[in-house]
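Student: structural data only, the sequence is not supplied:
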């Protein structure tokens, strides 16, 4: 099996619609709960255009699966991401070592 992943990895932040299921409606809570649910989804960017963003969350056997389409109006941001850890710079000594002189 080759791991020849050609698509960029992205983090998509978007506003999702939601359903509270069969729970009874409590009118005093409606105004407080009247907002989309923010969602963060990580995936391989399959396609992005004015219609929306399409990503897949799995790569296997030279193909992608686990597809999600997010309409453009719901997208807050699309940020390219890498799985590699960023390198940390080594700390620079704050004082220089003192050289010993022998007399």
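Tutor: Everything's here; your move. Just so it is clear, the structure is predicted and the values come from calculations on it, not from any experiment.

Student: surely residue 80 meets residue 42?
Tutor: No. Counting by C-beta atoms under 8 Å, residue 80 sits too far from residue 42 to count as a contact (11.3 Å). The way it works is simple: take the backbone N, C-alpha and C, and place the C-beta from them, glycine included.

Student: neighbouring contacts of the lowest-mean-pLDDT helix or strand in the chain?
Tutor: Sorting the helices and strands of the chain by mean pLDDT, DSSP states H and E puts helix 27-30 at the bottom, at a mean of 92. Contacts to helix 27-30, defined as C-beta atoms under 8 Å, 6 or more residues apart in numbering, come from no residue at all.

Student: right, and the helix or strand after it?
Tutor: Note on helix 27-30: by DSSP states H and E, the next helix or strand toward the C-terminus is strand 37-49.

Student: for that following strand, packing partners?
Tutor: For strand 37-49, the elements it packs on are strand 9-16, strand 52-60, strand 63-71, strand 75-81, judged by 3 or more C-beta pairs under 8 Å, 6 or more residues apart in numbering; DSSP states H and E.

Student: closest one to residue 24 among the ones you listed?
Tutor: strand 9-16 (22.4 Å; C-beta to C-beta).

Student: low-confidence bits of the protein, can you list those?
Tutor: Scanning the chain for pLDDT under 70 picks out 1-5, 96-98, 100-103.

Student: cutoff 90 now
Tutor: Scanning the chain for pLDDT under 90 picks out 1-6, 19-23, 60-63, 82-103.
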